[in-house]
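Peer 1: Provided below for reference: sequence and predicted model.
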Amino acid sequence: MTALQGRPAQAAQRDFEGRVGLVTGGAGGLGSAICERLRSAGATVVAADIKAPASSHGNEVLELDLTDADSAMNAPREVINRYGRLDFVVNNAGVDLTAPIGEMPVGEWDRILDVNLRAPFVVSKAAFDVMSKTGGGAIVNIVSTAAKRAWANASAYHASKWGLLGLSHALHVEGREQDIKVTAVIAGGMRTPFLLDRFPDIDIDTLLDPSAVAETVAFALSQPGRVVIPEIMVLSMKETSWP
């Protein structure tokens, strides 16, 4: 086994000891995998979700409706209130509606853009305010290959993810002088309810295990000193829809 192949086995390392972070959409799917990966490495993780359970794999939870801009703005401040610091934010929450443009309700378009694009802007805005005063930090935005290509019946999702990729790079530029690292993780399809519930006939062999994407997030957050990865893509070897 090569060193690269063996890397996931290092998940229990305590390389995030003492760090505190917020993961949106942290109650299930990829968000849950990210929370577990970072918690196992020593971080205190607040899992924010509109359907936050009583507990989330040992993580602290925060009930949060990301379509409410005031609540989204308050989420980083709530972490500060609880723990006195905020070292990282993972903007992971995402929603979609599979529908052609002629059948896409305007209200659903707004909801998708609110959760997938406006909320990361609002949460990041609040995080920038905190991190710029406390010596820096890191923000990871979970994008999608939907920001690099297009398919039918996903106009709002594509618009939100292309926008999120642009936002992420813009924040990377703004954050550099404040020691705030901003990374866009462009993930391929995953074995999570987000896809499996809507497309039950999908070939799961072409999909990533969410733990692989969680490992990529941890890798981005573990870069030393003033080193940042502005963009990183992770795909299943069998994702044949990628050129």
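Peer 2: Great, that's in hand. Given the structure is predicted, the values throughout are model-derived calculations rather than measurements.

Peer 1: please name the spatially closest residue to Tyr157 (chain neighbours excluded).
Peer 2: Closest residue to Tyr157 apart from its sequence neighbours, by C-beta to C-beta, 6 or more residues apart in numbering: Asp96 at 4.4 Å. In this view, the C-beta of every residue, glycine as well, is placed from N, C-alpha and C.

Peer 1: tally of neighbours for the one you found?
Peer 2: Residues contacting Asp96 under the criterion other C-beta atoms under 10 Å number 22.

Peer 1: that one: helix or strand, and which one exactly?
Peer 2: No secondary structure element spans Asp96, as it lies outside all helices and strands (assigned by DSSP states H and E).

Peer 1: the strands in the chain, which residues?
Peer 2: Along the chain, the stretches classed as strands by DSSP state E are 20-24, 44-49, 60-63, 88-91, 137-142, 180-187, 231-234.

Peer 1: distance of the closest residue to Ala99 other than its chain neighbours from Ala146?
Peer 2: Leaving out its chain neighbours, the residue that sits closest to Ala99 by C-beta to C-beta, 6+ apart is Asn153, at 5.8 Å. Per C-beta to C-beta, to the nearest Å, Asn153 is found 12 Å from Ala146.

Peer 1: neighbour count winner among those two?
Peer 2: Neighbours around Asn153 and Ala146, counted as other C-beta under 10 Å, are more numerous at Ala146. The numbers are 23 against 13.

Peer 1: list the contacts of the closest residue to the more buried one other than its chain neighbours.
Peer 2: Closest residue to Ala146 apart from its sequence neighbours, by C-beta to C-beta, 6+ apart: Lys161 at 4.2 Å. With contacts defined as C-beta atoms under 8 Å, 6 or more residues apart in numbering, the neighbours of Lys161 are Asn116, Val143, Ser144, Ala146, Ala147.

Peer 1: residue closest to the middle of the protein?
Peer 2: When the chain is reduced to its mean C-alpha position, the nearest residue by C-alpha atoms, centre = their mean turns out to be Asn92, at 2.6 Å.

Peer 1: I'd say that one and Gly31 touch.
Peer 2: Yes. The criterion here is C-beta atoms under 8 Å, and Asn92 meets it with Gly31 at 4.6 Å.
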